[in-house]
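S.K.: Have a look; sequence and predicted model below, questions after that.
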Amino acid sequence: MRLHPTAKAESLWVVVNKKRRLNPVAYGPVLHSKINLAPPAASAFWALKAELQRRGLGTLCLNSGYRSYGSQKSIHSARVAALGKVAGENLAARPGHSEHQTGLAADVSITSLECRIGNFGSTDAYKWIAANGHKYGFIVRYPWKLTDVTGYVWEPWHLRFVGKELATEMKNRKIKTLEQFFSLPSAPSY
């Protein structure tokens, strides 16, 4: 039986959400030797960073890249303990259900914000990435007002590397989520 690319943990097109966990659940990607991302996402991140600097939009920084199953377990537990289960799980995935575990997700900010993600959505850097990130293979994975599809509140800082081909196709067709693009069920909850 052949698995669709959205089901393969090592695929650039893997869809990980509250209904679809990684297989194997403790999957760990090969990472770039100099940055905490899978090699294709790392190369794209550096190209995006260089273009933002060239345009005078700030210096992009990686707030969070790859997270292991164990690391995600700690983050999830802390969010749920602090905010309660529902609110905590709208911000932090359960271990095995996190895109960060693929090495293809990058929480980004800019150095003028001291690399904090909280206000990134109001920056010119974010606006430019939202309009042009597809040229580098990135999508904003958790868009505004699509929590009912993705299961997560708007996270303008959470970029997902899917490759230029898919990112451009999504942009051209005005499709904002992987769930919608691949006609997968929405994943508002576990």
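M.R.: That came through fine. Residues are numbered from 1 along each chain as shown.
S.K.: Please count neighbours and contacts with C-alpha atoms only from this point.
M.R.: Noted.
S.K.: Buried ones in the helix or strand of the chain with the lowest mean pLDDT, by neighbour count?
M.R.: When the helices and strands of the chain are scored by mean pLDDT, DSSP states H and E, helix 85-89 comes last with a mean of 92. In terms of neighbour count (16 or more other C-alpha atoms under 10 Å), helix 85-89 has its buried residues at 88-89.
S.K.: how much distance is there from it to the middle of the chain?
M.R.: How far helix 85-89 lies from its chain's middle: 19 Å, per C-alpha atoms, centre = their mean, to the nearest Å.
S.K.: With stretch 68-85 instead?
M.R.: On C-alpha atoms, centre = their mean, the centre of stretch 68-85 falls 17 Å from that of its chain.
S.K.: Just the CA atoms of it, as CSV, please.
M.R.: Provided in CSV are the C-alpha atoms of stretch 68-85 (Å, rounded to 0.1, in the frame of the first residue of the first chain):
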residue,chain,number,x,y,z
SER,A,68,11.6,16.6,19.4
TYR,A,69,8.6,14.5,20.6
GLY,A,70,9.9,15.0,24.2
SER,A,71,10.4,18.7,23.8
GLN,A,72,6.8,19.1,22.4
LYS,A,73,5.5,17.0,25.3
SER,A,74,7.0,19.6,27.8
ILE,A,75,5.7,22.6,25.8
HIS,A,76,2.2,21.1,25.6
SER,A,77,2.1,20.2,29.3
ALA,A,78,3.2,23.7,30.3
ARG,A,79,0.6,25.4,28.1
VAL,A,80,-2.2,23.2,29.3
ALA,A,81,-1.2,23.7,32.9
ALA,A,82,-1.1,27.5,32.5
LEU,A,83,-4.1,28.0,30.4
GLY,A,84,-6.4,24.9,30.7
LYS,A,85,-6.8,22.2,28.2
